[in-house]
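**Student:** here is a sequence together with a model predicted from it:
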Amino acid sequence: MRLAVLVSGTGSILEAMLGRDLPVMLVGADRACRGLSIAHDASIETILVGRDDWVASGTDASGRRGFDRDGYSCDLARRLAGAGADVVAMAGFGTILADSFFAWGSGRYRGRVLNTHPSLLPAFPGWHAVRDALAAGVSETGCTVHMAIPEVDAGPMLAQQAVPVLDGDDEAALHERIKTVEREFYPATIAAFLERCGQERILEGQPR
Ligand code: GRF
């Protein structure tokens, strides 16, 4: 199974995946970011599919030019498939993928996209999961690995791990504690998922 990783940020989860010898054959990004440099340094092929190239025609209610999410998602799927990716792991990817991503090529990526999220879903979905957990005053949060679907942080969950919130935590400290867990937990969950996909392929008589 050929694995592509999507990044937008510091790429520390990607680094952990590479340290675990996951078969990452491609790294994609929606903006220039450290994740692309990590891939480059590891001699992994990269693609930059910039959001700025996908400006929607017309403006939204507040007069801003919109983002052509459907067009972007479709193009990203086409480029990942063109490079031969079978499974996609999002690792801090900052663009919500529309259904056109999952539907591309007769649904090539349905059930084939994983994500890690820094909360115990269904609690605290969305961009500010760590901040929201702190604001809610919970004593425990964590991370969730789930299948990605067009609805944000709502796909079937594969695994979760709790992380304590400690006195004096700010958003950065708590997020780093969660990421320390994600760097172990996400690669291990991906490895198990790839193994399962490979076995299904064998049962279907396809090459692994
Ligand atoms: C992780 O906490 C992940 O759950 C979230 O983005 C963060 C990525 O961290 N979606 P990094 O860019 O790999 O350091």
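**Tutor:** Yep, that arrived. Residues are numbered from 1 along each chain as shown.

**Student:** what's around Leu120, how many residues?
**Tutor:** By the measure other Cβ atoms under 10 Å, the count of residues near Leu120 is 20. C-betas here are computed from N, CA, C, even on glycine.

**Student:** and stretch 73-85, average pLDDT?
**Tutor:** Per-residue pLDDT over stretch 73-85 has a mean of 97.

**Student:** mind listing what's buried along that stretch?
**Tutor:** Neighbour counts over stretch 73-85 (16 or more other Cβ atoms under 10 Å) mark Ser73, Cys74, Asp75, Leu76, Ala77, Arg78, Leu80, Ala81, Ala85 as buried.

**Student:** who's the closest residue to Leu158 other than its chain neighbours bridged to?
**Tutor:** The shortest distance from Leu158 to any non-neighbouring residue, by Cβ to Cβ, 6 or more residues apart in numbering, is to Val145 (4.7 Å). Following DSSP bridges, Val145 is listed with bridge partners Thr116, Ala159.

**Student:** state the distance from Val145 to Glu45.
**Tutor:** Distance, Val145 to Glu45, by Cβ to Cβ, to the nearest Å: 24 Å.

**Student:** those two: who's more crowded?
**Tutor:** Between Val145 and Glu45, Val145 has the larger neighbour count (other Cβ under 10 Å), namely 23 against 14.

**Student:** quick revisit: okay, the residue nearest to Leu158: pLDDT?
**Tutor:** So Val145 comes in at 98 (pLDDT).

**Student:** surely it is in contact with Ala159?
**Tutor:** Yes. Contact status for Val145 versus Ala159: in contact at 4.9 Å, counting by Cβ atoms under 8 Å.

**Student:** for whatever residue of the chain ends up closest to the ligand, grab the count of nearby residues.
**Tutor:** Of all residues in the chain, Gly92 sits closest to the ligand, at 2.7 Å by Cβ to the nearest ligand atom. Gly92: 22 surrounding residues under other Cβ under 10 Å.

**Student:** so, low pLDDT: which residues of the chain?
**Tutor:** Low-confidence segments of the chain, defined by pLDDT under 70: 60, 207-208.
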